[in-house]
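Enquirer: sequence and predicted structure below; questions after.
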Amino acid sequence: MFLLRPFSLIWYLISTTRNTLYNIGLLDSVAFDLPIICVGNLCAGGSGKTTITEYLTRLLFKNNQVGVLSRGYMRKTRGYVLANHTSTAEEIGDEPLQIKKNFPTITVAVCEQRAIGVPTMLCDNPQMNLIIMDDGFQHRSVKPFINILLTEYHRPFYNDYLLPYGRLRESRNGVRRADAVIITKCPEHADFDKIKFKVWEYADESIPIFFSREVYKSPVNFFGNHVIIFPGTTGVTLSGIAHPEHFEKHCSSLVSIQKNFRFPDHYQFKESDLKKMNREFDEMKEKGKIIFTTRKDFMRLQHPGIINQVASLPLAIIPVEAEFIQEPDSPINFDNFIFNKLRQWKNE
(Lines give C-alpha, C1' and ligand atoms only; values in the text may rest on other atoms or scores of the structure.)
Protein backbone atom coordinates (compact mmCIF):
# COMPACT_ATOMS: atom_id res chain seq x y z
CA MET A 1 0.00 0.00 0.00
CA PHE A 2 2.92 2.37 0.71
CA LEU A 3 3.78 2.27 -3.01
CA LEU A 4 0.47 4.09 -3.67
CA ARG A 5 1.52 7.19 -1.73
CA PRO A 6 3.11 8.95 -4.76
CA PHE A 7 -0.14 8.50 -6.70
CA SER A 8 -2.03 10.14 -3.83
CA LEU A 9 0.19 13.21 -4.34
CA ILE A 10 -0.92 13.34 -7.99
CA TRP A 11 -4.56 13.03 -6.85
CA TYR A 12 -3.96 15.87 -4.37
CA LEU A 13 -2.61 18.17 -7.08
CA ILE A 14 -5.51 17.44 -9.43
CA SER A 15 -8.30 17.75 -6.82
CA THR A 16 -6.78 20.84 -5.19
CA THR A 17 -6.30 22.58 -8.53
CA ARG A 18 -9.91 21.83 -9.46
CA ASN A 19 -11.24 23.18 -6.16
CA THR A 20 -9.08 26.29 -6.47
CA LEU A 21 -10.48 27.00 -9.94
CA TYR A 22 -13.99 26.82 -8.51
CA ASN A 23 -13.03 28.96 -5.51
CA ILE A 24 -11.63 31.79 -7.64
CA GLY A 25 -14.45 31.62 -10.19
CA LEU A 26 -12.58 30.28 -13.22
CA LEU A 27 -14.92 27.28 -13.13
CA ASP A 28 -18.61 28.13 -12.79
CA SER A 29 -20.98 26.94 -10.07
CA VAL A 30 -24.59 27.40 -11.14
CA ALA A 31 -27.11 28.66 -8.56
CA PHE A 32 -30.80 27.88 -9.09
CA ASP A 33 -34.01 29.59 -7.96
CA LEU A 34 -34.83 26.94 -5.39
CA PRO A 35 -32.97 25.60 -2.35
CA ILE A 36 -30.69 22.64 -3.07
CA ILE A 37 -29.55 20.53 -0.14
CA CYS A 38 -26.38 18.62 -0.93
CA VAL A 39 -25.61 15.42 0.99
CA GLY A 40 -22.09 14.13 0.44
CA ASN A 41 -18.79 13.07 1.92
CA LEU A 42 -15.05 13.32 1.42
CA CYS A 43 -14.50 9.56 1.31
CA ALA A 44 -15.30 7.00 -1.35
CA GLY A 45 -17.64 4.31 -0.10
CA GLY A 46 -20.62 4.08 2.20
CA SER A 47 -21.05 6.74 4.87
CA GLY A 48 -24.83 6.57 5.16
CA LYS A 49 -25.72 9.10 2.43
CA THR A 50 -28.89 7.28 1.38
CA THR A 51 -30.29 7.02 4.91
CA ILE A 52 -29.64 10.74 5.50
CA THR A 53 -31.16 11.60 2.11
CA GLU A 54 -34.24 9.60 3.08
CA TYR A 55 -34.33 11.27 6.49
CA LEU A 56 -34.36 14.70 4.84
CA THR A 57 -37.02 13.55 2.38
CA ARG A 58 -39.19 12.26 5.21
CA LEU A 59 -38.68 15.52 7.10
CA LEU A 60 -39.55 17.82 4.20
CA PHE A 61 -41.77 16.15 1.61
CA LYS A 62 -45.11 16.67 3.39
CA ASN A 63 -44.84 20.46 3.11
CA ASN A 64 -42.74 20.72 -0.05
CA GLN A 65 -42.54 19.43 -3.59
CA VAL A 66 -39.29 17.54 -3.01
CA GLY A 67 -37.03 16.13 -5.69
CA VAL A 68 -34.01 13.86 -5.24
CA LEU A 69 -31.16 13.96 -7.75
CA SER A 70 -28.46 11.29 -7.73
CA ARG A 71 -25.74 10.06 -10.02
CA GLY A 72 -27.21 6.56 -10.16
CA TYR A 73 -24.00 4.69 -9.40
CA MET A 74 -23.49 1.37 -11.27
CA ARG A 75 -26.56 1.81 -13.47
CA LYS A 76 -26.41 0.57 -17.07
CA THR A 77 -27.88 3.75 -18.56
CA ARG A 78 -26.25 7.13 -19.23
CA GLY A 79 -27.38 10.72 -19.04
CA TYR A 80 -30.58 11.95 -17.44
CA VAL A 81 -33.19 9.36 -16.43
CA LEU A 82 -36.40 10.11 -14.56
CA ALA A 83 -37.51 7.36 -12.18
CA ASN A 84 -41.01 5.90 -12.37
CA HIS A 85 -42.90 2.99 -10.83
CA THR A 86 -41.44 0.53 -13.37
CA SER A 87 -37.79 1.63 -13.02
CA THR A 88 -35.13 -0.96 -12.22
CA ALA A 89 -31.78 -0.80 -10.47
CA GLU A 90 -30.09 -1.31 -13.85
CA GLU A 91 -31.81 1.82 -15.18
CA ILE A 92 -31.34 4.22 -12.26
CA GLY A 93 -29.15 2.48 -9.65
CA ASP A 94 -30.11 0.66 -6.47
CA GLU A 95 -30.11 3.66 -4.10
CA PRO A 96 -32.27 5.99 -6.23
CA LEU A 97 -34.64 3.07 -6.81
CA GLN A 98 -34.88 2.51 -3.06
CA ILE A 99 -35.71 6.19 -2.53
CA LYS A 100 -38.37 6.08 -5.25
CA LYS A 101 -39.92 2.93 -3.73
CA ASN A 102 -39.96 4.49 -0.26
CA PHE A 103 -41.33 7.83 -1.51
CA PRO A 104 -43.31 7.03 -4.68
CA THR A 105 -44.92 10.50 -4.97
CA ILE A 106 -41.70 12.53 -5.16
CA THR A 107 -39.56 13.24 -8.22
CA VAL A 108 -36.41 11.09 -8.35
CA ALA A 109 -33.91 11.40 -11.19
CA VAL A 110 -30.34 10.42 -11.99
CA CYS A 111 -27.77 12.33 -14.00
CA GLU A 112 -23.97 12.34 -14.00
CA GLN A 113 -23.89 16.08 -14.74
CA ARG A 114 -25.85 17.69 -11.92
CA ALA A 115 -25.93 21.11 -13.63
CA ILE A 116 -27.92 19.42 -16.41
CA GLY A 117 -29.95 17.23 -14.07
CA VAL A 118 -31.40 20.09 -11.99
CA PRO A 119 -33.01 22.11 -14.82
CA THR A 120 -34.22 18.92 -16.52
CA MET A 121 -35.92 17.84 -13.29
CA LEU A 122 -37.60 21.25 -13.10
CA CYS A 123 -38.90 20.78 -16.63
CA ASP A 124 -40.32 17.39 -15.63
CA ASN A 125 -41.88 18.84 -12.45
CA PRO A 126 -42.23 22.65 -12.53
CA GLN A 127 -43.96 22.55 -9.12
CA MET A 128 -40.84 21.24 -7.41
CA ASN A 129 -39.54 23.74 -4.83
CA LEU A 130 -36.67 21.84 -3.17
CA ILE A 131 -34.02 19.40 -4.38
CA ILE A 132 -31.90 17.03 -2.32
CA MET A 133 -28.70 16.24 -4.20
CA ASP A 134 -27.40 12.86 -3.10
CA ASP A 135 -23.62 12.38 -3.17
CA GLY A 136 -23.00 15.85 -4.58
CA PHE A 137 -20.23 17.30 -2.43
CA GLN A 138 -17.63 17.08 -5.20
CA HIS A 139 -20.12 18.11 -7.93
CA ARG A 140 -19.29 21.78 -7.67
CA SER A 141 -20.93 22.75 -10.96
CA VAL A 142 -24.11 23.18 -8.86
CA LYS A 143 -24.07 25.63 -5.97
CA PRO A 144 -26.09 24.18 -3.08
CA PHE A 145 -27.89 26.30 -0.52
CA ILE A 146 -27.09 23.82 2.25
CA ASN A 147 -23.94 21.69 1.99
CA ILE A 148 -24.00 18.72 4.39
CA LEU A 149 -20.89 16.60 4.84
CA LEU A 150 -21.11 13.09 6.28
CA THR A 151 -18.33 11.11 7.88
CA GLU A 152 -18.50 7.78 9.68
CA TYR A 153 -17.82 7.60 13.41
CA HIS A 154 -15.43 4.65 13.03
CA ARG A 155 -13.95 5.83 9.69
CA PRO A 156 -13.68 9.62 10.04
CA PHE A 157 -12.19 11.70 7.25
CA TYR A 158 -9.50 13.15 9.55
CA ASN A 159 -7.92 9.68 9.93
CA ASP A 160 -7.99 8.98 6.21
CA TYR A 161 -5.73 9.70 3.24
CA LEU A 162 -6.21 10.60 -0.40
CA LEU A 163 -6.96 8.04 -3.06
CA PRO A 164 -5.56 5.61 -3.98
CA TYR A 165 -3.56 5.18 -0.74
CA GLY A 166 -6.66 5.99 1.31
CA ARG A 167 -10.34 6.68 0.58
CA LEU A 168 -10.43 10.49 0.41
CA ARG A 169 -11.74 12.01 -2.83
CA GLU A 170 -10.19 15.35 -1.89
CA SER A 171 -8.09 16.73 0.97
CA ARG A 172 -9.39 16.93 4.53
CA ASN A 173 -9.67 20.71 4.13
CA GLY A 174 -12.69 20.11 1.91
CA VAL A 175 -14.76 20.07 5.10
CA ARG A 176 -14.51 23.88 5.09
CA ARG A 177 -17.15 24.01 2.32
CA ALA A 178 -19.70 22.30 4.55
CA ASP A 179 -22.53 24.16 6.28
CA ALA A 180 -22.92 21.23 8.68
CA VAL A 181 -21.20 17.94 9.44
CA ILE A 182 -23.01 14.74 10.40
CA ILE A 183 -21.10 11.98 12.18
CA THR A 184 -22.94 8.87 11.02
CA LYS A 185 -23.26 5.31 12.34
CA CYS A 186 -22.47 6.33 15.92
CA PRO A 187 -22.23 3.65 18.61
CA GLU A 188 -24.37 3.73 21.73
CA HIS A 189 -21.76 5.61 23.78
CA ALA A 190 -20.21 8.11 21.36
CA ASP A 191 -17.44 10.48 22.43
CA PHE A 192 -19.00 13.70 21.10
CA ASP A 193 -16.34 16.13 22.33
CA LYS A 194 -13.40 14.16 20.96
CA ILE A 195 -14.97 13.99 17.51
CA LYS A 196 -15.84 17.70 17.49
CA PHE A 197 -12.32 18.80 18.36
CA LYS A 198 -10.92 16.56 15.62
CA VAL A 199 -13.31 18.01 13.01
CA TRP A 200 -12.53 21.56 14.16
CA GLU A 201 -8.87 20.99 13.40
CA TYR A 202 -9.90 21.32 9.74
CA ALA A 203 -13.11 23.37 9.91
CA ASP A 204 -14.30 26.57 11.56
CA GLU A 205 -15.57 26.01 15.11
CA SER A 206 -18.84 27.70 14.20
CA ILE A 207 -19.82 24.81 11.96
CA PRO A 208 -22.61 22.73 13.55
CA ILE A 209 -21.79 19.06 14.08
CA PHE A 210 -24.58 16.51 14.46
CA PHE A 211 -24.50 12.84 15.40
CA SER A 212 -26.67 10.09 13.96
CA ARG A 213 -27.04 6.34 14.21
CA GLU A 214 -28.63 3.70 12.04
CA VAL A 215 -31.80 2.08 13.35
CA TYR A 216 -32.87 -1.24 11.86
CA LYS A 217 -36.60 -1.68 11.46
CA SER A 218 -38.73 -4.84 11.56
CA PRO A 219 -38.00 -7.25 8.69
CA VAL A 220 -40.48 -7.67 5.85
CA ASN A 221 -40.84 -10.35 3.18
CA PHE A 222 -40.78 -10.13 -0.61
CA PHE A 223 -44.33 -8.75 -0.63
CA GLY A 224 -43.74 -6.17 2.10
CA ASN A 225 -45.48 -8.06 4.89
CA HIS A 226 -43.91 -8.25 8.34
CA VAL A 227 -41.84 -11.35 9.01
CA ILE A 228 -42.46 -13.17 12.29
CA ILE A 229 -39.28 -14.71 13.68
CA PHE A 230 -39.95 -17.71 15.91
CA PRO A 231 -37.60 -18.90 18.68
CA GLY A 232 -34.97 -21.30 17.41
CA THR A 233 -34.85 -19.78 13.92
CA THR A 234 -31.46 -19.82 12.20
CA GLY A 235 -30.36 -18.00 9.12
CA VAL A 236 -27.81 -16.51 6.77
CA THR A 237 -27.18 -12.98 5.51
CA LEU A 238 -26.94 -11.92 1.88
CA SER A 239 -25.46 -8.48 1.20
CA GLY A 240 -23.63 -6.43 -1.38
CA ILE A 241 -22.99 -3.21 0.56
CA ALA A 242 -19.86 -1.27 1.48
CA HIS A 243 -19.55 -2.20 5.16
CA PRO A 244 -21.89 -5.08 6.08
CA GLU A 245 -20.60 -5.55 9.63
CA HIS A 246 -23.36 -3.51 11.33
CA PHE A 247 -26.06 -5.27 9.33
CA GLU A 248 -24.62 -8.71 10.09
CA LYS A 249 -24.32 -7.88 13.78
CA HIS A 250 -27.96 -6.82 13.89
CA CYS A 251 -29.06 -10.05 12.19
CA SER A 252 -27.06 -12.03 14.74
CA SER A 253 -29.09 -10.33 17.47
CA LEU A 254 -32.28 -11.71 15.90
CA VAL A 255 -31.32 -15.32 15.13
CA SER A 256 -28.34 -17.64 15.07
CA ILE A 257 -26.50 -16.74 11.83
CA GLN A 258 -24.78 -19.70 10.20
CA LYS A 259 -23.05 -17.86 7.37
CA ASN A 260 -22.64 -14.37 5.90
CA PHE A 261 -22.74 -14.25 2.10
CA ARG A 262 -20.85 -11.08 1.18
CA PHE A 263 -20.56 -9.45 -2.23
CA PRO A 264 -19.04 -6.12 -3.37
CA ASP A 265 -21.00 -2.89 -2.95
CA HIS A 266 -23.72 -2.41 -5.64
CA TYR A 267 -23.10 -5.97 -6.86
CA GLN A 268 -25.67 -7.30 -9.34
CA PHE A 269 -26.54 -10.76 -8.10
CA LYS A 270 -26.56 -13.56 -10.67
CA GLU A 271 -28.54 -16.75 -10.88
CA SER A 272 -25.38 -18.74 -10.13
CA ASP A 273 -24.83 -16.75 -6.91
CA LEU A 274 -28.31 -17.59 -5.66
CA LYS A 275 -27.96 -21.25 -6.65
CA LYS A 276 -24.72 -21.55 -4.69
CA MET A 277 -26.25 -19.86 -1.67
CA ASN A 278 -29.35 -22.07 -1.95
CA ARG A 279 -27.26 -25.24 -1.95
CA GLU A 280 -25.51 -24.24 1.25
CA PHE A 281 -28.77 -22.98 2.73
CA ASP A 282 -30.51 -26.31 1.99
CA GLU A 283 -27.66 -28.21 3.65
CA MET A 284 -28.45 -26.50 6.94
CA LYS A 285 -30.32 -29.10 9.00
CA GLU A 286 -32.31 -26.67 11.12
CA LYS A 287 -36.04 -26.52 10.40
CA GLY A 288 -36.70 -22.80 10.83
CA LYS A 289 -34.42 -21.00 8.39
CA ILE A 290 -34.38 -17.49 6.99
CA ILE A 291 -32.28 -15.35 4.62
CA PHE A 292 -31.67 -11.75 5.72
CA THR A 293 -30.84 -9.02 3.23
CA THR A 294 -30.86 -5.22 3.14
CA ARG A 295 -33.44 -3.08 1.35
CA LYS A 296 -30.70 -1.75 -0.92
CA ASP A 297 -29.76 -5.30 -1.91
CA PHE A 298 -33.41 -6.14 -2.47
CA MET A 299 -33.52 -3.47 -5.19
CA ARG A 300 -30.96 -5.51 -7.16
CA LEU A 301 -32.55 -8.84 -6.26
CA GLN A 302 -35.60 -7.72 -8.26
CA HIS A 303 -33.64 -8.05 -11.50
CA PRO A 304 -35.89 -9.69 -14.14
CA GLY A 305 -33.42 -12.53 -14.62
CA ILE A 306 -33.59 -13.71 -11.01
CA ILE A 307 -36.80 -12.28 -9.55
CA ASN A 308 -38.75 -15.56 -9.83
CA GLN A 309 -35.98 -17.41 -8.02
CA VAL A 310 -35.84 -14.67 -5.34
CA ALA A 311 -39.63 -14.77 -4.81
CA SER A 312 -39.36 -18.41 -3.73
CA LEU A 313 -36.75 -17.72 -1.04
CA PRO A 314 -37.57 -17.29 2.67
CA LEU A 315 -36.35 -13.71 2.46
CA ALA A 316 -36.39 -11.18 5.31
CA ILE A 317 -35.61 -7.64 4.14
CA ILE A 318 -34.40 -5.30 6.88
CA PRO A 319 -35.00 -1.57 6.30
CA VAL A 320 -32.70 0.92 7.99
CA GLU A 321 -33.32 4.55 8.93
CA ALA A 322 -31.19 7.36 10.34
CA GLU A 323 -31.91 8.68 13.82
CA PHE A 324 -30.26 11.77 15.26
CA ILE A 325 -28.75 11.79 18.73
CA GLN A 326 -29.55 14.95 20.66
CA GLU A 327 -26.64 16.13 22.76
CA PRO A 328 -27.72 17.29 26.25
CA ASP A 329 -26.03 20.71 25.99
CA SER A 330 -26.59 21.34 22.29
CA PRO A 331 -28.66 24.49 21.58
CA ILE A 332 -30.01 23.18 18.26
CA ASN A 333 -30.99 19.88 16.71
CA PHE A 334 -30.65 18.84 13.08
CA ASP A 335 -34.31 19.29 12.15
CA ASN A 336 -34.34 22.87 13.45
CA PHE A 337 -31.07 23.60 11.66
CA ILE A 338 -32.68 22.60 8.34
CA PHE A 339 -35.91 24.50 9.04
CA ASN A 340 -33.99 27.63 10.03
CA LYS A 341 -31.86 27.53 6.90
CA LEU A 342 -34.92 27.11 4.68
CA ARG A 343 -36.58 30.07 6.40
CA GLN A 344 -33.47 32.09 5.54
CA TRP A 345 -33.96 31.14 1.90
CA LYS A 346 -37.55 32.37 1.91
CA ASN A 347 -36.54 35.64 3.57
CA GLU A 348 -33.69 36.42 1.18
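Expert: Arrived safely.
Enquirer: C-alpha only now, for contacts and for neighbours.
Expert: Will do.
Enquirer: so which residues of the stretch 51-200 of the chain form helices?
Expert: Counting by DSSP state H, counting those that start in this stretch, one finds helices in the stretch 51-200 of the chain at the ranges 89-92, 94-102, 114-124, 192-200.
Enquirer: for the shortest one, name the packing helices and strands.
Expert: Taking 3 or more Cα pairs under 8 Å, 6 or more residues apart in numbering; DSSP states H and E as contact, the helices and strands that helix 89-92 lies on are helix 295-301.
Enquirer: strands along this protein, start to end?
Expert: Ranges of strands within the chain are 36-41, 66-70, 81-82, 107-110, 130-134, 146-152, 180-184, 209-216, 234-239, 256-262, 289-294, 315-318, 320-325, based on DSSP state E.
Enquirer: looking at this protein, which residue ends up farthest from its center?
Expert: Lys285 (36.9 Å; Cα atoms, centre = their mean).
Enquirer: let me see the confidence value for it.
Expert: pLDDT for Lys285: 78.
Enquirer: phi, psi for it please.
Expert: Main-chain torsions, Lys285, degrees, to the nearest 10: phi -80, psi -10.
Enquirer: on that earlier part again, want to try JSON lines for the helices of the stretch 51-200 of the chain, with mean pLDDT, distance to Tyr153 and mean neighbour count as columns?
Expert: Listed next are those as JSON lines, based on pLDDT from 0 to 100; distance: least, Cα to Cα, whole Å; neighbours: other Cα atoms under 10 Å:
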{"stretch": "helix 89-92", "mean pLDDT": "97", "distance to Tyr153": "29", "mean neighbour count": "23"}
{"stretch": "helix 94-102", "mean pLDDT": "98", "distance to Tyr153": "22", "mean neighbour count": "22"}
{"stretch": "helix 114-124", "mean pLDDT": "98", "distance to Tyr153": "28", "mean neighbour count": "17"}
{"stretch": "helix 192-200", "mean pLDDT": "95", "distance to Tyr153": "8", "mean neighbour count": "15"}
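Enquirer: go through these and name the closest to Thr234.
Expert: Minimum separation from Thr234 across the helices of the stretch 51-200 of the chain (Cα to Cα) falls at helix 94-102, 27.3 Å.
Enquirer: what's the closest one packed up against?
Expert: Packed against helix 94-102, as judged by 3+ Cα pairs under 8 Å, 6+ apart, are the following elements: helix 49-60, strand 107-110, helix 295-301.
Enquirer: how distant is that helix from the center of its chain?
Expert: 11 Å (Cα atoms, centre = their mean, to the nearest Å).
Enquirer: longest helix in the protein, please.
Expert: Longest helix in the chain, counting residues (DSSP state H): helix 5-23.
Enquirer: which other residues reach it?
Expert: Outside helix 5-23, the residues within contact range by Cα atoms under 8 Å, 6 or more residues apart in numbering are 27-29, 140, 161-165, 169-171.
Enquirer: narrow those residues to just the buried residues.
Expert: 29, 140, 161-165, 169-171 (16 or more other Cα atoms under 10 Å).
Enquirer: nearest to Thr77 among those?
Expert: Nearest to Thr77 among the buried ones among the contacts of helix 5-23: Arg140, at 22.7 Å, using Cα to Cα.
Enquirer: that closest one against Ser29, yeah?
Expert: Yes - applying Cα atoms under 8 Å, one finds Arg140 in contact with Ser29, separated by 5.9 Å.
Enquirer: any idea how far the residue lying closest to Thr77 once chain neighbours are set aside lies from Leu82?
Expert: Excluding its sequence neighbours, the residue lying closest to Thr77 (Cα to Cα, 6 or more residues apart in numbering) is Glu91, at 5.5 Å. As judged by Cα to Cα, to the nearest Å, Glu91 and Leu82 stand 9 Å apart.
Enquirer: Thr233: how many residues sit nearby?
Expert: Burial measure for Thr233: 15 neighbouring residues, criterion other Cα atoms under 10 Å.
Enquirer: do me a favour and average the pLDDT over stretch 51-60.
Expert: Rounded mean pLDDT across stretch 51-60 is 98.
Enquirer: let the chain start at 35 from now.
Expert: Sure, I'll start counting at 35 from here, so that last one is stretch 85-94.
Enquirer: in that stretch, what's buried?
Expert: Going by 16+ other Cα under 10 Å, stretch 85-94 has these buried residues: 85-91, 94.
Enquirer: touching that stretch from outside, list them.
Expert: For stretch 85-94, the surrounding residues in contact (Cα under 8 Å, 6+ apart) are 73, 100, 133, 166, 168, 354-356, 369.
Enquirer: out of those, who has the most neighbours?
Expert: When those are compared by neighbour count (other Cα under 10 Å), Val73 ends up highest, at 26 neighbours.
Enquirer: show me the contacts for that one.
Expert: Residues counted as contacts of Val73 (Cα under 8 Å, 6+ apart) are 83, 86-87, 166-171, 181-184.
Enquirer: what score does it have for pLDDT?
Expert: Val73 carries a pLDDT score of 98 in this model.
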